[in-house]
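Visitor: Give the three-dimensional model of this entry:
(one chain, ligands or ions: 1)
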Amino acid sequence: MKITEVLGAGDINSAISECKAPESFDFKKFFETCGLTKKSADDLRKVFLILDQDGSGCIDKTELKLFLQYFSTNARVLSDNEAQSMLSAADSDGDGKIGFEEFQRLVRS
Ligand SMILES: [Ca+2]
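Guide: Numbering: from 1, shown residues only. Sure thing, here's the model as predicted:
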């Protein structure tokens with residue numbers, strides 16, 4: 001399963017170039033630009049499974065730091081601050097990880 005089966009390669013590139021500068025990652029803008037906000041729950045599930053690299057059912061902070069690289073292998077690693085701010089926004093049950101329901105709410109927020 002490749003991310004480009006769900007999202008357009010051009011949209012992904014635009015989303016990644018918008019946050020090229022250090023500390024400029026804005027997850028709302030990213031989800032919007034890459035087209036994820038308009039995708040069905042099924043498509044969000046596919047993307048979630050790609051982000052949940054170890055198949056634990058949740059995206060943890062280590063996986064979040066690599067977030068952009070799941071979209072494009074040449075993308076940069078997110079800083080601790082960037083990963084933490086996305087985690088804090090998503091993690092409504094406070095377990096320190098993003099489950100699928102939380103991911104879905106984050107994308108659609
Ligand atoms: Ca959680």
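Visitor: And for the closest residue in space to C19 that isn't next to it in sequence, the neighbour number?
Guide: Among residues not flanking C19 along the chain, F25 sits closest, at 4.3 Å (Cβ to Cβ, 6 or more residues apart in numbering). No exception for glycine: its C-beta is placed from N, CA and C like everyone else's. Look at F25: counted by other Cβ atoms under 10 Å, it has 22 neighbours.
Visitor: Please identify the helix or strand for F25.
Guide: Using DSSP states H and E, F25 falls within no helix or strand.
Visitor: I'd guessed it sits against F71; true?
Guide: No: using Cβ atoms under 8 Å, F25 is not in contact with F71; the gap is 11.7 Å.
Visitor: contacting residues for the residue nearest to C19?
Guide: By Cβ atoms under 8 Å, 6 or more residues apart in numbering, F25 lies in contact with C19, L68, L78, S79, E82, M86.
Visitor: Among those, which ones are in helices?
Guide: In this view, the contacts of F25 that belong to helices under DSSP state H are L68, E82, M86.
Visitor: doesn't F27 make contact with the last one?
Guide: Yes: counting by Cβ under 8 Å, a contact exists between M86 and F27, whose distance comes to 4.8 Å.
Visitor: Counting neighbours, go ahead and name the busier of the two.
Guide: Neighbour totals were compared for M86 and F27, and M86 leads with 23 against 20 (other Cβ under 10 Å).
Visitor: what's the spacing between that one and L68?
Guide: 11 Å (Cβ to Cβ, to the nearest Å).
Visitor: what touches both of the two?
Guide: Residues touching both M86 and L68 (Cβ under 8 Å, 6+ apart): F25, L78.
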